[in-house]
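**Q** Could you work out the structure for the sequence below:
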Amino acid sequence: MDKRINITPEYLQAREDNTVNAGYYSPKWIGYCRDLMAKGLRVKMYEAKSTVSKYIYSSDGVKVYKVRFSNHKPNFGKQRQQDCDFFVGVSNGLVTRTEDALKATIEFFNV
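**A** Down below sits the predicted model:
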């Protein structure tokens, strides 16, 4: 069973409204999703159950690119196995940002 949800502009707005109304800034993953959708890519997301990690899957209908947004270091073994195409956050020996993920995704799809 696929536990990924389809991302829509309405879904992103509702998540952003809830976060901002709780006194926080809009999450970076929301802007990332909006940017991808503006380029014509389809976006799905899986939210980890035991952490706040978000796995964003973008697709052009042929290829899929998986980006993980996290506020903690990934499991070293999973990182070595490359369980995602790009990791946003502080990983084992590297810090990457949303802007880096967006650039990598755009390059992957050549859009």
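
**Q** can you pull the pLDDT of residue 80?
**A** Looking at residue 80, its pLDDT is 59.

**Q** Phi and psi next, for residue 51.
**A** phi -140, psi -180 (degrees, to the nearest 10).

**Q** since we're on the closest residue to it other than its chain neighbours, how many residues are nearby?
**A** Excluding the flanking residues, the one nearest residue 51 by C-beta to C-beta, 6 or more residues apart in numbering is residue 72, at 6.5 Å. In short, each C-beta sits where N, CA and C put it, glycine included. A count of nearby residues for residue 72, using other C-beta atoms under 10 Å, gives 11.

**Q** which SS state does residue 72 fall under?
**A** Each residue gets one of three states, and residue 72 gets coil by DSSP: H, G, I helix; E, B strand; the rest coil.

**Q** Show me what counts as buried in stretch 49-69.
**A** 53, 54, 55, 56, 57, 58, 60, 65, 66, 67, 68, 69 (16 or more other C-beta atoms under 10 Å).

**Q** Which pair of the residues you listed spans the longest distance?
**A** 53 and 60 (23.9 Å; C-beta to C-beta).

**Q** Pick out the residue nearest the middle of the chain.
**A** Nearest residue to the geometric centre of the chain (C-alpha atoms, centre = their mean): residue 56, 3.5 Å.

**Q** If I look at the residue nearest to residue 51, what pLDDT would I see?
**A** So residue 72 comes in at 72 (pLDDT).

**Q** That one reaches residue 91, doesn't it?
**A** No: contact criterion C-beta atoms under 8 Å: residue 72 and residue 91 do not qualify, at 9.7 Å.

**Q** going on from the worst-scoring helix or strand of the chain on mean pLDDT, what's the next piece of helix or strand?
**A** One helix or strand of the chain scores below all others by mean pLDDT, DSSP states H and E: helix 76-80, with a mean of 59. With elements assigned by DSSP states H and E, the helix or strand that comes after helix 76-80 is strand 86-91.
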